[in-house]
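S.K.: got a sequence here, can you build the structure:
(chains A, B, C and D)
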2 protein chains.
Amino acid sequence: MKAEKRRKLESAGWRVADAGEFLSLTPGEAEFVEIKLALARHLRELRERHNWTQAEFARRVGSSQSRVAKMEAADPTVSVDLLVRSLLAAGADRRELGRVVAARR
Amino acid sequence: MKAEKRRKLESAGWRVADAGEFLSLTPGEAEFVEIKLALARHLRELRERHNWTQAEFARRVGSSQSRVAKMEAADPTVSVDLLVRSLLAAGADRRELGRVVAARR
DNA sequence: TGCGAATATGTCACCAATGACATACGTTGC
DNA sequence: GCAACGTATGTCATTGGTGACATATTCGCA
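M.R.: Residues are numbered from 1 along each chain as shown, chains lettered A, B, ... in the order given. Below is the predicted model:
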């Protein structure tokens, strides 16, 4: 979230928290979900860039439409393994994944 | 493996193959095991840098000595999730993990 | 509005990953 | 030789992730 937007929300009475603050995770746990979220976002971006439906994408990476939806939603039942394997199957390379994991834009 | 060493081995009659060639994996599958190997290597490096035994390390990240040994050996029963969570629990940050995943030195 | 396509959510049987434990192997110092 | 310590390997009961399926919701577009 942009600092500007956060400032506006907070001055309007909102308390803006990230996943870590909200669920009181350790720093490591918080970073883990951030990484998962980043991978999920990248998966969706990659899929949309190719104009694939979730069903098409699922067929390509050997999964199901519902699981693809859950991947993109970073559902708790989705592992980083699955995200990484799917991204690789969709054509991403190590460099690209490294960039996503490191949160570099 | 350095190109030089590979050349020497091959001229000596060896066939040098990476995991992908040997097991005939798809490019994506091969990259996946490479990433796993890189994470495993980094885990060991991090542990040794702190002069922790596997047992100590296990206690810190909430696992067992045998599983740590398997992590460092990139055992098939070890998930990327576990590797990443352990690395984060051991103090690695996203930047560092991104570097490892991308295979940049 | 309605209708088809895409996406999201819920459930489940199956299999894979986990921590824990036992035990084997390797190394170092006596 | 043999401890003491660290690491590797095998096994197992419990837990967690998976694809598949059904169904609900949202999205375009006429």
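S.K.: tell me the contacts of whichever residue of chain A sits closest to DNA strand C?
M.R.: Residue nearest to DNA strand C within chain A: A:Ser66 (3.0 Å; Cβ to the nearest atom of the strand). Every C-beta, even on glycine, is put in place using the N, C-alpha and C of the backbone. For A:Ser66, the contact set (Cβ atoms under 8 Å, 6 or more residues apart in numbering or on different chains) is empty.
S.K.: what's the pLDDT at it?
M.R.: In this prediction, A:Ser66 carries a pLDDT score of 98.
S.K.: what about the closest residue to A:Leu37 other than its chain neighbours, distance to B:Arg47?
M.R.: Nearest residue to A:Leu37, sequence neighbours excluded (Cβ to Cβ, 6 or more residues apart in numbering or on different chains): A:Ala74, at 5.1 Å. Distance of A:Ala74 to B:Arg47, computed by Cβ to Cβ, to the nearest Å: 29 Å.
S.K.: which of these two has more neighbours?
M.R.: Ranked by neighbour count (other Cβ atoms under 10 Å in any protein chain shown), A:Ala74 and B:Arg47 place B:Arg47 first, with 23 against 19.
S.K.: excluding chain neighbours, what is closest to A:Lys70?
M.R.: A:Val78 (5.2 Å).
S.K.: from chain B, how far off is the one you found?
M.R.: 10 Å (Cβ to the nearest Cβ, to the nearest Å).
S.K.: what sits against that residue?
M.R.: A:Val78 touches A:Lys36, A:Ala40, A:Arg67, A:Lys70, A:Met71, counting by Cβ under 8 Å, 6+ apart.
S.K.: next, give me the two most distant ones among these.
M.R.: Farthest pair in the contacts of A:Val78 (Cβ to Cβ) is A:Lys36 and A:Arg67. Separation: 14.6 Å.
S.K.: what about these two, which has more around it?
M.R.: Taking other Cβ under 10 Å, A:Lys36 and A:Arg67 do not tie; A:Lys36 has more neighbours (21 against 17).
S.K.: quick check: the residue of chain A closest to DNA strand C vs A:Thr77, distance?
M.R.: Counting by Cβ to Cβ, the gap from A:Ser66 to A:Thr77 is 11 Å.
S.K.: could you do A:Val33 as well?
M.R.: From A:Val33 to A:Thr77 the distance is 14 Å (Cβ to Cβ).
S.K.: kindly report the residues of chain A close to DNA strand D.
M.R.: A:58, A:62-67, A:76-79, A:81-82 (Cβ under 7 Å from any atom of the strand).
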